[in-house]
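Asks: Pasting the sequence and the predicted model now:
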Amino acid sequence: MRYLSQWLSCGVLVSLGLLGGGPNGALAADLGPPPAPVIEAPAMPGWTFRFTPYGWLTALDGTQTVRGRSVKVDASFVDIVEESDTLVALMGDFEARYGRFALLADVVWSKIGVESGNIRSRTLAPGVTGTLATSLGLDIEMAIAEVGAAYEVARSGALAFDILAGARYWYQEADLSFDVAAAVDIGDLEVAGARAFARSGSVDWLDPMIGARVRYTVAPGHELLLRGDIGGFGVGSDFSWQAIGAYGFEFGTYQGITFSGVIGYRALYVDYVQGEGRSRYEFDMLQHGPILGISARF
């Protein structure tokens, strides 16, 4: 019995050693030291994109001069819709953002007509004699393209402040039609029936611009945007300014694309002049009105 007890004790000790109970156990040697914890690097922010097709219900208030003949324009969007034979527009805004930095683009193309109830003759330019009595109509085809960049310089909670810079390109073709019942030198105008037409041909220019905007997150998915800029500085136009206020609200997500409604108001003024006398072209105009759009962010 004594030998049997000693044999059992040795067997237990050997078993404990094989199972790794001791410091030199075979299983402990196989397992090795515990693995070091894995620390994942924070994810870098990526690009996000936002495209907003919109409608700008534009009113016009200012002076249009074509071939030295000037008219005063004062037409609301309703006036233009009711009295115009032509009203076509294509508008869209695009923004690509990476962290604090953003690239901006905006395009407006429109073709509108204003009838005699909302325009009236003004003093003719130097070198243009006589009067054309009642002005009958104004047709404008216009494209405005903006490109620029913005940088977030300050943020406090839900409020962010950006500075921006870029350029605004203008393209226009304007036709004035007049009643030719009064005596006037119309040698440089096109005459069709009882109307004389002053046609500008294509006119374009490029304005540098600088500005700022404020973005405020009212609630998750709801953002208020205020933007202002000035431009021209005699490089293209004499001067221009723009003010935009808009409110965006998310209403759904589909296949990773977040859709939002956009409502707001936009005002854009420019004072551009080229030429003198019979070749004078001037667009001294404020365009303003509500904006309505749908934004897609991805």
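Replies: Happy to help now that I have it.
Asks: burial count for Pro290?
Replies: 14 (other C-beta atoms under 10 Å). Backbone N, C-alpha and C define where each C-beta goes, glycine included.
Asks: cool, Gly166 as well?
Replies: With other C-beta under 10 Å as criterion, Gly166 counts 20.
Asks: what stretches of the stretch 51-200 of the chain score poorly on pLDDT?
Replies: Counting by pLDDT under 70, the stretch 51-200 of the chain contains low-confidence ranges at 83-88, 121-135, 180-195.
Asks: All the strands of it, residue numbers only.
Replies: According to DSSP state E, counting those that start in this stretch, the stretch 51-200 of the chain carries its strands in the segments 59-66, 69-75, 87-98, 101-115, 119-121, 135-156, 159-179, 190-192, 195-199.
Asks: which residue sits closest to Val214, ignoring its sequence neighbours?
Replies: Leu226 (4.7 Å; C-beta to C-beta, 6 or more residues apart in numbering).
Asks: Just confirm that neighbour is within a helix.
Replies: No: using DSSP: H, G, I helix; E, B strand; the rest coil, the assignment for Leu226 is strand, not a helix.
Asks: Now do it against Ala160, distance only.
Replies: The spacing between Leu226 and Ala160, counted by C-beta to C-beta, to the nearest Å, is 11 Å.
Asks: Looking at the two, which is more packed in?
Replies: When Leu226 and Ala160 are compared for neighbours, Ala160 comes out ahead with 18 against 14, by other C-beta under 10 Å.
Asks: could the strands of the stretch 51-200 of the chain be laid out in CSV, adding distance to Ser260?
Replies: Formatted as CSV, the strands of the stretch 51-200 of the chain follow (distance: least, C-beta to C-beta, whole Å):
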stretch, distance to Ser260
strand 59-66, 26
strand 69-75, 31
strand 87-98, 12
strand 101-115, 17
strand 119-121, 38
strand 135-156, 19
strand 159-179, 17
strand 190-192, 47
strand 195-199, 42
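Asks: Relative to Gln274, which of those is closest?
Replies: Closest to Gln274 of those is strand 59-66 (C-beta to C-beta; 9.9 Å).
Asks: Let's see the closest one as CSV, backbone CA atoms only.
Replies: Only the C-alpha atoms of strand 59-66 are listed here, as CSV (Å, rounded to 0.1, in the frame of the first residue of the first chain):
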residue,chain,number,x,y,z
ALA,A,59,-37.8,89.4,-60.7
LEU,A,60,-35.9,92.2,-62.5
ASP,A,61,-35.3,95.8,-61.4
GLY,A,62,-32.8,98.0,-63.2
THR,A,63,-31.7,99.4,-66.5
GLN,A,64,-30.9,97.6,-69.8
THR,A,65,-29.1,99.4,-72.6
VAL,A,66,-28.7,97.9,-76.1
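Asks: by contact count, what packs against it?
Replies: Helices and strands touching strand 59-66, by 3 or more C-beta pairs under 8 Å, 6 or more residues apart in numbering; DSSP states H and E, are strand 69-75, helix 77-83, strand 159-179, strand 281-297.
Asks: Can I get the ones you listed in TSV including distance to Gly117?
Replies: Formatted as TSV, these follow (distance: least, C-beta to C-beta, whole Å):
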stretch	distance to Gly117
strand 69-75	8
helix 77-83	6
strand 159-179	14
strand 281-297	18
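Asks: Quick check: which of the ones you listed is nearest to Leu268?
Replies: Closest to Leu268 of these is strand 281-297 (C-beta to C-beta; 5.0 Å).
Asks: now the angle between strand 69-75 and the closest one, please.
Replies: When axes from the mean of the first three to the mean of the last three C-alpha atoms, to 10 degrees is applied, the directions of strand 281-297 and strand 69-75 differ by 30 degrees.
Asks: Please parse the protein into its domains.
Replies: Following the assignment in automatic domain parsing, the chain carries domains at 2-31, 48-297.
Asks: any idea which of those domains is most buried?
Replies: domain 48-297 (a mean of 16; mean count of other C-beta atoms under 10 Å).
Asks: Identify the contacts common to Leu226 and Ala160.
Replies: By the contact definition C-beta atoms under 8 Å, 6 or more residues apart in numbering, Leu226 and Ala160 are jointly contacted by Val214.
Asks: What separation do you get for Ile257 and Ile163?
Replies: 29 Å.
Asks: Next: Gln64.
Replies: Counting by C-beta to C-beta, the gap from Gln64 to Ile163 is 33 Å.
Asks: Ok, Ile140 next?
Replies: In terms of C-beta to C-beta, Ile140 sits 32 Å off from Ile163.
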